[in-house]
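**Q** could you work out the structure for the sequence below:
(4 chains)
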2 protein chains.
Amino acid sequence: MTQRHTEACPIAHSLNIIGDRWTLLIVREAFGGISRFSDFHKRTGIAKNLLTDRLALLVQEGVFEKSDIGERGVRYAYHLTESGRALLPVMVALHMWGNENLFGDGEEPVLLVDRTTGEPIQSMAMLTSSGASVLPENIRRRPGPGAPALKTGD
Amino acid sequence: MTQRHTEACPIAHSLNIIGDRWTLLIVREAFGGISRFSDFHKRTGIAKNLLTDRLALLVQEGVFEKSDIGERGVRYAYHLTESGRALLPVMVALHMWGNENLFGDGEEPVLLVDRTTGEPIQSMAMLTSSGASVLPENIRRRPGPGAPALKTGD
DNA sequence: AATAGTGGTAGCAATTCGAAACTATATACT
DNA sequence: AGTATATAGTTTCGAATTGCTACCACTATT
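**A** Model (predicted):
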């Protein structure tokens, strides 16, 4: 895995980790309870050498943790870390986008529902710390505390 | 662009379109108001042949629309469609994940804020049609109306 | 001892990427 | 008219990545 994007942008950095054709499918399976190498392999169809590479990167980046479960020979389990579980909104957003924009109403192969009520998830909202919901058109990017200093000729 | 994932899963299908190292950077720029080929090229650093391919796919998939702006020679503008703008939650989720999990508190290079109040976006919530917020642990995947029929030996 | 399952490596062909050079069209400048 | 500049690509080609298939080491089962 060669690092690609070096800009100071969280999206670019995120893409260095999950920006490929397979990684989010692995994560999807992990959210579904899959934790074993061979199960990821079977359920996603990813080649084993790629799965090896991807899992190693994801472990290195703290998305998964690999544990040796001392069962019958060499056996490991890959579980999402806190950081990995924090990818849930990304997965949900992607899922909903796919349903709405690639399949369309009545054609969704998989729905997301509230386990407790059975109601389908319908939208995502962006909230400030005060709990206020922010409209898409009011979202703005702003330099953060870790923004690279502007070249000033210091 | 060869189609890769064929499973009946909205995430897999989404990844066929935006699951690569560059596409979401192009989309990011588009949200920032960029619409020209050369500007996407300059701002993201993507190779021109790849940019050509990606934009063509994105136009084909209805994420962008290409319009001929009759200005000084060959000039086109690529604008997000409704479907493209619907990627905003994906972008926001990815942005926030990167900030929290790859940079950390106080190191964020770019923050998302509410333009009207200046307050930072802090979280995303998943809502049902009734407006109820669903906790991450209560989200469940369920076969939808477009789910492929189970093999029944019909 | 032979067979099967897990978690990988190794080798290799095919595909894709990345950088640079080149093309085509139109405008602006001298 | 000739030259320079800008946009929006296309082409070329070497390098890197991907996708198979085969193989390996370890353990348990038959």
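
**Q** now do A:Lys66, the pLDDT please.
**A** A:Lys66 is assigned 97 on the pLDDT scale.

**Q** let me fix that: A:Lys151
**A** 62.

**Q** what ranges does chain A have for its strands?
**A** A:64-68, A:76-80, A:110-114, A:121-128, A:133-134, A:139-143 (DSSP state E).

**Q** name the helices or strands packed onto the second one?
**A** I take that to be strand A:76-80. Using 3 or more CB pairs under 8 Å, 6 or more residues apart in numbering or on different chains; DSSP states H and E, the elements in contact with strand A:76-80 are helix A:23-31, helix A:37-44, helix A:48-60, strand A:64-68. Yep, even glycine has a C-beta here, placed from its N, CA and C like the rest.

**Q** before we move on, what about the longest one?
**A** Secondary-structure packing of strand A:121-128 (3+ CB pairs under 8 Å, 6+ apart): helix A:88-98, strand A:110-114, strand A:133-134, helix B:88-98, strand B:121-128.

**Q** pLDDT of that strand, averaged?
**A** On average, strand A:121-128 scores 97.

**Q** now A:Glu100: closest residue in space that isn't a chain neighbour?
**A** B:Ala86 (6.5 Å; CB to CB, 6 or more residues apart in numbering or on different chains).

**Q** give me the most central residue, chain A.
**A** A:Leu87 (4.0 Å; CA atoms, centre = their mean).

**Q** that one reaches A:Ile17, doesn't it?
**A** No - in this structure A:Leu87 lies outside contact range of A:Ile17 using CB atoms under 8 Å: 9.7 Å.

**Q** hang on, the earlier thing: now distance to B:Glu108 and mean neighbour count too, for the helices and strands packed on strand A:121-128, in JSON lines please.
**A** Compiled in JSON lines, the helices and strands packed on strand A:121-128 are given as follows (distance: least, CB to CB, whole Å; neighbours: other CB atoms under 10 Å in any protein chain shown):
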{"stretch": "helix A:88-98", "distance to B:Glu108": "17", "mean neighbour count": "23"}
{"stretch": "strand A:110-114", "distance to B:Glu108": "28", "mean neighbour count": "20"}
{"stretch": "strand A:133-134", "distance to B:Glu108": "17", "mean neighbour count": "18"}
{"stretch": "helix B:88-98", "distance to B:Glu108": "9", "mean neighbour count": "23"}
{"stretch": "strand B:121-128", "distance to B:Glu108": "11", "mean neighbour count": "18"}
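
**Q** out of those, nearest to B:Gly144?
**A** Nearest to B:Gly144, of all the helices and strands packed on strand A:121-128, is strand A:110-114, at 4.2 Å by CB to CB.

**Q** extract the C-alpha trace of the closest one and format it as CSV.
**A** Coordinates of each C-alpha in strand A:110-114 appear next as CSV, following Å, rounded to 0.1, in the frame of the first residue of the first chain:
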residue,chain,number,x,y,z
VAL,A,110,-31.5,-4.2,0.8
LEU,A,111,-33.2,-1.7,3.2
LEU,A,112,-31.9,-0.3,6.4
VAL,A,113,-34.5,-0.4,9.2
ASP,A,114,-34.8,0.4,12.8
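
**Q** DNA strand C contacts on chain A?
**A** A:4, A:36-39, A:48-49, A:52, A:55, A:66, A:73-77 (CB under 7 Å from any atom of the strand).

**Q** who's in contact with the residue nearest to the centre of chain A?
**A** Neighbour list for A:Leu87: A:18, A:24, A:27, A:63, A:80, B:97 [criterion: CB atoms under 8 Å, 6 or more residues apart in numbering or on different chains].

**Q** quick one: which of the residues you listed is most hemmed in?
**A** Ranked by neighbour count (other CB atoms under 10 Å in any protein chain shown), these have A:Val63 at the top, with 27 neighbours.
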